[in-house]
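Peer 1: this one's sequence-less:
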Ligand code: 13P
């Protein structure tokens, strides 16, 4: 069993100085626990400062995105070797906001997955259905397709380093979280899809839930054995609530 993981996706929030003061405040209240990994994903520009501030702690660093090539004439982009050199161990890939606002396709997402894996970065690979897809009964097929295409040519060995985040699009930033049962049902589907195709043990897979997770509702999600942690948006921006969510994970 891989340890549970609580990851905070800061999205486009906090300047470098705000990031520093957030980490300072967080570290005064956070109690590390056995079997729980905590990850922070600040914006690119704050990665060095947050890395420095987290140096003597077990908290790990993630980027929110990367480009699928190692280097070249790609103005404005950031590569896997750059992130690895900076001290990132994780990278979020395939977030629905990138699929929606930046038109990221499963094919492009697969290039990012390959780039990350090629440089020892562990992907936090996001999947999730839109409301109209859920209402049309297409949740499972949409998610299977995101997995099959997004993780094309990933080996079974590499699969063990990937964390999946199930984030139903209709639950992100809406205050309308999925119920733990709804999440667990999709996690079961993800687990059997991946176990079937990659031939790896179901309990070797780590699947997070994301979408309106708060300090109030996180404990209910963690009661399900299908839910191995959380990818937290809004509630990770406040040191008390993020520390509280992490404390509920064992
Ligand atoms: P919220 O927790 O703000 O709904 O965001 C979830 C998310 O998108 C994390 O990646």
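Peer 2: Cool, the structure landed. Note that the structure is predicted; figures quoted are calculated from it, not measured.
Peer 1: nearest to the ligand: which residue in the chain?
Peer 2: Per CB to the nearest ligand atom, residue 233 is where the chain lies closest to the ligand, at 2.1 Å. For glycine as for every other residue, the C-beta is placed from the backbone atoms N, C-alpha and C.
Peer 1: so what's the nearest residue to that residue once chain neighbours are set aside up against?
Peer 2: Of all residues not flanking residue 233 in the chain, residue 9 sits nearest, at 5.4 Å (CB to CB, 6 or more residues apart in numbering). Neighbouring residues of residue 9 by CB atoms under 8 Å, 6 or more residues apart in numbering: 41, 64, 92, 95, 210, 231, 232, 233, 236.
Peer 1: cool, and residue 58?
Peer 2: 32, 37, 38.
Peer 1: buried stuff in the longest helix along the chain?
Peer 2: In the chain, with assignment by DSSP state H, the single longest helix is helix 180-198. Within helix 180-198, the residues scored as buried using 16 or more other CB atoms under 10 Å are 180, 182-184, 186-187, 189-191, 193-195, 198.
Peer 1: can you check stretch 116-128 too?
Peer 2: 116, 117, 119, 121, 122, 123, 124, 125, 126, 127, 128.
Peer 1: repeat that for stretch 74-83.
Peer 2: In stretch 74-83, counting by 16+ other CB under 10 Å, buried: 78, 79, 80, 81, 82, 83.
Peer 1: please enumerate the helices of the chain.
Peer 2: Using DSSP H, helices in the chain cover 16-29, 47-53, 80-86, 96-101, 106-118, 131-135, 139-150, 156-159, 180-198, 218-222, 239-247.
Peer 1: what parts of the chain come near the ligand?
Peer 2: 9, 95, 167, 172-173, 210-213, 231-235 (CB under 6 Å from any ligand atom).
Peer 1: mind putting the residues you listed in TSV, pLDDT included?
Peer 2: Converted to TSV, the residues of the chain next to the ligand look like this (pLDDT from 0 to 100):
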residue	pLDDT
9	98
95	98
167	98
172	97
173	95
210	98
211	98
212	98
213	98
231	98
232	98
233	98
234	98
235	98
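Peer 1: these: which two are farthest apart?
Peer 2: Using CB to CB, the residues of the chain next to the ligand reach their maximum pairwise distance at 95 and 235, which is 16.4 Å.
Peer 1: mind pulling up the pLDDT for residue 126?
Peer 2: Looking at residue 126, its pLDDT stands at 98.
Peer 1: typed the wrong thing, it's residue 230
Peer 2: 98.
Peer 1: point me to the residue sitting closest to the centre of this protein.
Peer 2: With distances taken as CA atoms, centre = their mean, residue 124 lies nearest the centre of the chain, 4.0 Å away.
Peer 1: returning to what we had before: sort out which of the residues of the chain next to the ligand are buried, if you could.
Peer 2: Using 16+ other CB under 10 Å, the buried members of the residues of the chain next to the ligand are 9, 95, 167, 172, 210-213, 231-235.
Peer 1: tally of neighbours for residue 54?
Peer 2: 18 (other CB atoms under 10 Å).
Peer 1: thought it was touching residue 38?
Peer 2: No: Residue 54 lies out of contact with residue 38 (CB atoms under 8 Å); the separation is 9.5 Å.
Peer 1: can you list residues touching both of those two?
Peer 2: Shared contacts of residue 54 and residue 38, defined by CB under 8 Å, 6+ apart, are found at residue 60.
Peer 1: now the nearest residue to residue 250 once chain neighbours are set aside. Its backbone dihedrals?
Peer 2: Spatial nearest neighbour of residue 250, chain neighbours left out: residue 33 (5.7 Å); criterion: CB to CB, 6+ apart. When read as degrees, to the nearest 10, the backbone of residue 33 gives phi -130, psi 150.
Peer 1: dig out what the residue nearest to residue 233 forms beta bridges with.
Peer 2: residue 41 (DSSP bridges).
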